[in-house]
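Colleague: Compute the structure for the input listed below.
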Amino acid sequence: MRISVFILVILAACALSGTASGYLISFEAPSWVSAGEPIPVTGTSTFPPGAQGSIIAYRAMPGNLPVSVDYQVFTIQPDGSWEVTFNTDTWMATSYKLEMGKNSNYPLGSSSVTFRYVEVIDRSPGCVVTTPATQYWQGNMAISGVAHSPEGGNILLEVSDNSGRDICGTITVPVAADGSFAFSCSVPGPGTYNVRYSDEKGLLTTDEVTVIPAPAGIPAPTVTPVPPAGATETPAQSTPAPLAALPGAALGAVYLSAWRRKGGKT
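Modeller: Now for the predicted structure:
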């Protein structure tokens, strides 16, 4: 009996020794992201500073073999931390497995966390975009749509140019009772702009808008700024139509006065 206990103690010590002798690594990733949003991955490790490792993203659709869609290389910082980001712009909306790549230089201990699952969700049905795809530049760009997101309340808009430069910051636009929303964002000039539509849970969808110069010699159609739902709009002041006839009326009055002075004779 004592021999059996002794053997168990020896085996346990060997197991602990094996775990301790291996390197440890662990990482965190969100359980889900909206399609098009990046997946931030942050981790820690006992690898020496400057050592490199890799993490592979596999598409893990039920009933199908995993398919590698991307991989990222990370470098261990002096404090043992590391991080990478996966871009999901071209990824299908399904499940993905993020898994550490094998590295013979750094065998891992059994306490390491070597994989995580992330769900990429298509939330675009939550927002129908009605923003005109092509607009004449009048100093602004009209943005509109209908939100079907259960979050309701507000839509968050972000506008950037083709270089990724932020144009308007994050704009909070109220959603009307029928789900509609509208806003007018100032833009610096003609060009292609990207619009991100989000709610409190994250990205809903994206859209691309082309702003073109007004045709030379032709009055450009006015892109009327639409206030956020619930705001009051002051109608543009226009010249009443009767005023357009004032010059002709004045000439008529002069003629009539002269005719009366001559006694009605011509």
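Colleague: Centre-most residue in this structure?
Modeller: residue 196 (4.0 Å; Cα atoms, centre = their mean).
Colleague: The lengthiest strand in the chain: which residues count as buried?
Modeller: What stands out as the longest strand in the chain, according to DSSP state E, is strand 202-212. By 16 or more other Cβ atoms under 10 Å, the buried positions in strand 202-212 come out as 202, 203, 204, 205, 206, 207, 209, 211. Every C-beta, even on glycine, is put in place using the N, C-alpha and C of the backbone.
Colleague: packing partners for that strand?
Modeller: strand 32-34, strand 127-129, strand 134-136, strand 140-147, strand 191-199 (3 or more Cβ pairs under 8 Å, 6 or more residues apart in numbering; DSSP states H and E).
Colleague: mind listing what it pairs with, with the direction of each?
Modeller: strand 134-136 (parallel), strand 191-199 (antiparallel) (DSSP bridges).
Colleague: Any idea which of those strands gets closest to residue 59?
Modeller: The closest of these to residue 59 is strand 191-199. By Cβ to Cβ, the value is 24.2 Å.
Colleague: rewinding a little: any chance of TSV for the buried residues of strand 202-212, columns distance to residue 114 and pLDDT?
Modeller: Below are the buried residues of strand 202-212 laid out as TSV (distance: Cβ to Cβ, whole Å; pLDDT from 0 to 100):
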residue	distance to residue 114	pLDDT
202	27	90
203	28	93
204	33	94
205	34	94
206	33	94
207	38	95
209	43	97
211	48	96
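Colleague: okay, those in CSV with distance to residue 78 next?
Modeller: Putting the buried residues of strand 202-212 into CSV (distance: Cβ to Cβ, whole Å) gives the following:
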residue, distance to residue 78
202, 33
203, 34
204, 40
205, 41
206, 38
207, 43
209, 45
211, 47
